[in-house]
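**Student:** requesting a structural model of the entry that follows:
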Amino acid sequence: MNPMRIPLIALAGILSLNQAYSQDSQSPCKVENIRCEHLPAPLGIDTPNPRLSWMLDDSRTGARQTAYRLVVGTDSAEVAGERGDMWDTQLQRSDAIMATYAGHALEPFTRYYWKVSILDRDGARSSSPVSAFETGMMNVRNWQGAWISDRNDENYRPAPYFRREFKIGGAVKSARAYIAAAGLYELYINGGKTGDHRLDPVYTRFDRRILYVAYDVTAQLQNGDNAIGVLLGNGWYTHQSMAVWDFHRAPWRDRPAFCLDLRITYTDGRVETIGTGTDWKTSSGPVVFNSIYTAEHYDARLEQDGWDRPAFDDSQWKRATYRSAPSDVVAAQQLHPIRNVDTLPARTVKRLDDTTYLFDFGQNIAGVTRIRASGDAGVTVRIKHGERLHANGRVDMSNIDVYFRGDGATDPFQTDILILSGKREDEFMAKFNYKGFRYAEVTSSRPLTLDINSLTAFFMHSDVPPAGTVKASEPLIERLWRATNNAYLSNLMGYPTDCPQREKNGWTGDGHFAVETALYNFDAITVYEKWLADHRDEQQPNGVLPDIIPTGGWGYGTDNGLDWTSTIAIIPWEIYMFYGDSKLLADCYENIKSYVNHVDRMSPAHLTSWGRGDWVPVRSRSDRELTSSVYFYVDTKILAQAAGLFNRPGDQAYYSALAEKIKDAINAKFLNRETGLYAGGSQTELSVPLHWGVVPDDMVRKVAGNLAASVRTAGFHLDVGVLGAKALLNALSRNGHAETAYRVAIQDKYPSWGWWIVNGATTLLENWDLDAKRDISDNHMMFGEIGGWFFKGLGGIYPDPEQPGFKHIILRPNFVNGPDSFESTHNSPYGTIVSSWERKRKKIRYSVEIPANTTATLHLPENIKGERIIKLEAGKHSLSFSD
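**Tutor:** Numbering: from 1, shown residues only. As a prediction, the model looks like this:
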């Protein structure tokens, strides 16, 4: 723009803004939570245009950002002085807290520094600390190492070990290891394991996309002789255990392989890369069997001490062999990794007989156990993991081994096997497996002396940061909230799963039923972005998706329809709602469109029965055509909204009209306007149309009243399956029946969520009926909406679709009778939202915290006297009401 043509008023505004920026004022506002691609200082990213985000810490009333400047460069000192050789946004008059990199092209293997400075509401300046991100390969052609494996086939049981020695000749400035694997791996350098991740790389559709991980290994190198060691596991790549899901027939199945580059930068500027090739040596070792699905077997007599150190005698090892790349796409693993997050000592141990001990860890988890035991060489120790006990006190696996089809003698389900060395106290923890369990039964072929410290459990899951809390005077609320979070984390292993024992499958329905609960409680965007990339990998050209993702082929059946595979639309939309970040929605736009078009082609009357229906209901059955058609409407509406967001007016008009046609078709067939009932009037058939916005405006009160009456008639018990469990509480609390919803939520008699808890559950279950004979996992997430409802139905915290990411917060608290106090907090992209209330007789004290740079609108329940819609600016507010 010609500066001479800038209007004088605008020019004065720019000069004023820059003048304020140039003054290094001392603002009470702090810039924090600096993130790149939603990760703190990530290493080895591949995206050419990373997202850079920040947050304001400013407790002043009305605190906000009025402008920002972001600088990116290759010199940290220059960036600290706000000089960047890669990108300088200049001062932007904006309250945005995320910017997508748009500077010079990023180079691979390069560390970039960045800093953001902002002007607050008064024009005072604040700056973030200098942060960094580092690029990885950026392109598959930048790999120098080759894919290698040993010379065995996919049915060979012992895991392959690999090693290579090399010399360091000079002072090392930095060293990075980049490793991709078809299967799983553990990386060792000079006798030490690299990193604390578990089960890397996370599961993908291996023939379409494999992930690599980058490590800073500078501190692990030494002058002179060095050694690298790699141990490969089967994971989902080489499934050797038999189950009904046909894992062993996956089209990619082969012997595990890997590719590694160790890139060493010396202080004199030299760069040396140690890559994989046939100069690597390979051998088998003590991991004699490993299965992600069943367990791991370890023969301590076969340990080769020092195999990952220099000067080891590998003369008996064989040369590695080349393998073709399993996939053309090798991409950076950009997500919170799986770790052993919590350590659980045994609560109790019982000696059942001379060779059997029973350990109780007090909580159902996903993870592994570590045993320490001494005994004669060749003594076999079996560690059986399960969720339940027989009457005689031994582990009962009948609820979780029902789909296992393997050899129980050579591959026992959820049973690790350790063969003692006889040389020392042996220590063993499975490297390439996890299990679902509360109890572990240890049996040995000869008597051993064990105590309560001999076996330790580790709760293992994607290490996503917590993002929400719930506190209440009613103890059952907090117990339900904790159980829900335990179930969610137990089923988060780089993708959301159904259960951590029987299947470990990425069931799509379970994933989207629980996504709001997930996002209120955890910062899980990186896992969902990865999982939706798996969706894009799996989608067929006609738009169809399988029930489970990733899959080795199972799931493209007849019921993989809308109530399950709507993940492709619902999850990107919820990510947009919670983060205000539209990238995932944009990445999936064409996939959503293909999916909706497929359903549209097969549904000329705008109704469809494609789906599984209301899975595991209490008693009543619901019309599958109704529920599947509602999800057809939901997906089409999301597509229309996304089209508007991405400026696609033709698509927006077409899919908006289609959504209305679907809604009209649903109501024409299923809604009885005289009675206010849908279909047969089950709780699911009433709540699903209400929750998803299908009910005509003039019928909402009547339909919601019928739903509330149905629940009251049932004694405030639910009678729903998974679709109804997602919708029921929301349909009630959003439509004037919060008291009824609350009584259902804290019901502790069968059937209810609380029934599980008062009967000792520490996670959510798969079946309402504790005596059911099938669908009886004790660690399932498909009924997990209860954990998110506490934030919505009681705390009233909602994102605003018009200003997503909690830029504008909708508050709809319900001050229900029962608890004397309730508090929910959510760590939004802008900061922590607090919604808290306390009841004393007829008086209610409501306290709310609105983060800097946001606003809120408080909508009070109808029973509250006085003004019921209140605008709030950032800051802490305390209000009193009478009901």
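**Student:** where do the strands sit along the stretch 401-550 of the chain?
**Tutor:** Under the criterion DSSP state E, counting those that start in this stretch, the stretch 401-550 of the chain contains strands at 415-419, 426-429, 435-444, 455-462, 468-472.
**Student:** ok, the first one: who's next to it in the sheet?
**Tutor:** Strand 415-419 has its sheet partners listed here by DSSP bridges as strand 296-299 (parallel), strand 380-386 (antiparallel).
**Student:** which of these is buried the deepest?
**Tutor:** Of all the strands paired with strand 415-419, strand 296-299 has the most neighbours on average by mean count of other CB atoms under 10 Å, namely a mean of 25. All C-beta atoms are positioned from the backbone trio N, CA, C, and that covers glycine.
**Student:** and the strands paired with strand 415-419 as TSV, adding mean pLDDT?
**Tutor:** Putting the strands paired with strand 415-419 into TSV (pLDDT from 0 to 100) gives the following:
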stretch	mean pLDDT
strand 296-299	98
strand 380-386	98
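**Student:** these: which one's closest to Lys173?
**Tutor:** Nearest to Lys173 among the strands paired with strand 415-419 is strand 296-299 (38.5 Å), distances taken as CB to CB.
**Student:** buried stuff in stretch 658-669?
**Tutor:** Buried residues in stretch 658-669, counted by 16 or more other CB atoms under 10 Å: Leu658, Ala659, Ile662, Lys663, Ala665, Ile666, Asn667, Lys669.
**Student:** filter those residues down to the ones in strands?
**Tutor:** Assigned to strands by DSSP state E, none of the buried residues of stretch 658-669 qualify.
**Student:** ok, of the residues you listed, which one's closest to Val515?
**Tutor:** When the buried residues of stretch 658-669 are compared against Val515 (criterion: CB to CB), the nearest one is Ala659, at 20.7 Å.
**Student:** got a list of what the closest one touches?
**Tutor:** By CB atoms under 8 Å, 6 or more residues apart in numbering, Ala659 lies in contact with Tyr633, Thr636, Lys637, Ala640.
**Student:** if you rank the residues you listed by neighbours, which is first?
**Tutor:** Thr636 (29 neighbours; other CB atoms under 10 Å).
**Student:** in three-state terms, label that residue for me.
**Tutor:** Judged by DSSP: H, G, I helix; E, B strand; the rest coil, the three-state class of Thr636 is helix.
**Student:** ok, now how distant is it from Ser682?
**Tutor:** Distance of Thr636 to Ser682, given as CB to CB, to the nearest Å: 24 Å.
**Student:** same thing with Thr267?
**Tutor:** 72 Å.
**Student:** more neighbours: which of those two?
**Tutor:** More crowded of Thr267 and Ser682, by other CB under 10 Å: Ser682, with 25 against 10.
**Student:** per-residue pLDDT, that one?
**Tutor:** In this model, Ser682 is scored at 98, pLDDT.
**Student:** ok, back up a step: any chance of the strands paired with strand 415-419 in CSV, plus distance to Tyr434?
**Tutor:** Output for the strands paired with strand 415-419, formatted as CSV (distance: least, CB to CB, whole Å):
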stretch, distance to Tyr434
strand 296-299, 10
strand 380-386, 10
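**Student:** give me the element the nearest residue in space to Val442 that is not next to it in sequence is part of.
**Tutor:** In this structure, Val442 finds its nearest non-sequential neighbour in Tyr357, 4.6 Å apart by CB to CB, 6 or more residues apart in numbering. For Tyr357, the host element (DSSP states H and E) is strand 356-373.
**Student:** partner strands of that strand, with direction?
**Tutor:** strand 348-353 (antiparallel), strand 426-429 (antiparallel), strand 435-444 (antiparallel), strand 455-462 (antiparallel).
**Student:** tell me the buried residues in the second one?
**Tutor:** This points to strand 426-429. Asp426, Phe428, Met429.
**Student:** tell me the one of those residues nearest Tyr556?
**Tutor:** The closest of these, once distances to Tyr556 are taken by CB to CB, is Met429, at 36.6 Å.
**Student:** next, the contact list for the closest one, please.
**Tutor:** Met429 is in contact with Val368, Thr369, Arg370, Ile371, Phe458, counting by CB under 8 Å, 6+ apart.
**Student:** just give me the neighbour total for the fourth one.
**Tutor:** Spelled out, it's Ile371. 20.
**Student:** repeat that for the second one.
**Tutor:** Applying the criterion other CB under 10 Å, we find 23 residues in the vicinity of Thr369.
**Student:** from Pro500, how far out is it?
**Tutor:** 14 Å.
**Student:** and if you look at the last one?
**Tutor:** Summarising the geometry, the distance separating Phe458 from Pro500, computed by CB to CB, is 13 Å.
**Student:** spit out the contact partners of Val599.
**Tutor:** Taking CB under 8 Å, 6+ apart as the test, what Val599 contacts is Gly543, Leu562, Thr608, Trp610, Phe632, Asp635.
**Student:** tell me the contacts of the last one?
**Tutor:** Right, Asp635. Leu562, Ser566, Ile568, Ala569, Ile570, Ile592, Tyr595, Val596, Val599.
**Student:** quick one, which of these are buried?
**Tutor:** Buried among these (16+ other CB under 10 Å): Leu562, Ser566, Ile568, Ala569, Ile570, Ile592, Tyr595, Val596, Val599.
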